[in-house]
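Participant: Model the following, please.
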Amino acid sequence: MPVSVLIVDDHSGFRRRARRLLEAEGFDVVGEAGNGRHGVEAARALSPDLVLLDVNLPDTDGFAVAEELARDDPAPAVVITSTRDAADVADRVRACGARGFVPKGELSGAALAALV
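Facilitator: I've put the predicted structure just below:
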């Protein structure tokens, strides 16, 4: 059974590219959200296995969203993504309960599968 994914990113172009890439690699993209509040609502409504979550969102940051989702039962796996370098966010990724970090330019099904 394919891994279900929710993509939370404020850039619709990135969401479209990520959806196409992940679906082509066998993932089931069940939804998208453009900000943190909608991301939390969608995660709770859709119960995805994985939330691909951008660091920079218009209403909050991805770390706060990841912390909120980590309190859910069951909690989805969260993978943080950004155009920033991994070294810039590594400490916050670990602290927020996310499974890991994938730079947007290196997003692939294999990179996500390695974290979940």
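
Participant: contacting residues around the most centrally placed residue in the chain?
Facilitator: Computing the C-alpha centroid of the chain and ranking residues by CA atoms, centre = their mean puts residue 52 first, at 1.4 Å. Neighbour list for residue 52: 5-9, 18, 22, 79, 81, 102, 107, 112 [criterion: CB atoms under 8 Å, 6 or more residues apart in numbering]. The C-beta positions use only the backbone N, C-alpha and C, and glycine is treated the same way.

Participant: Name the nearest of those relative to residue 95.
Facilitator: Nearest to residue 95 among these: residue 79, at 15.0 Å, using CB to CB.

Participant: so the closest one makes contact with residue 48?
Facilitator: No: contact criterion CB atoms under 8 Å: residue 79 and residue 48 do not qualify, at 11.3 Å.

Participant: Could you look up the next helix or strand downstream of the helix or strand bottoming out on mean pLDDT in the chain?
Facilitator: Here the helix or strand of the chain ranked lowest by mean pLDDT, DSSP states H and E is helix 86-95, holding a mean of 86. Where DSSP states H and E defines the elements, the next helix or strand beyond helix 86-95 is strand 100-103.

Participant: So what are the sheet partners of that following strand and their directions?
Facilitator: Strand 100-103 has its sheet partners listed here by DSSP bridges as strand 77-82 (parallel).

Participant: for the partner strand, the distance to its chain's centre please.
Facilitator: Its chain's average C-alpha position is 4 Å from that of strand 77-82, according to CA atoms, centre = their mean, to the nearest Å.

Participant: okay, it in CSV with CA atoms only?
Facilitator: The C-alpha trace of strand 77-82 is given here as CSV (Å, rounded to 0.1, in the frame of the first residue of the first chain):
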residue,chain,number,x,y,z
ALA,A,77,5.6,11.3,10.3
VAL,A,78,6.8,14.8,9.5
VAL,A,79,9.6,15.7,7.1
ILE,A,80,10.7,19.3,7.0
THR,A,81,11.7,20.8,3.7
SER,A,82,13.2,24.2,2.7
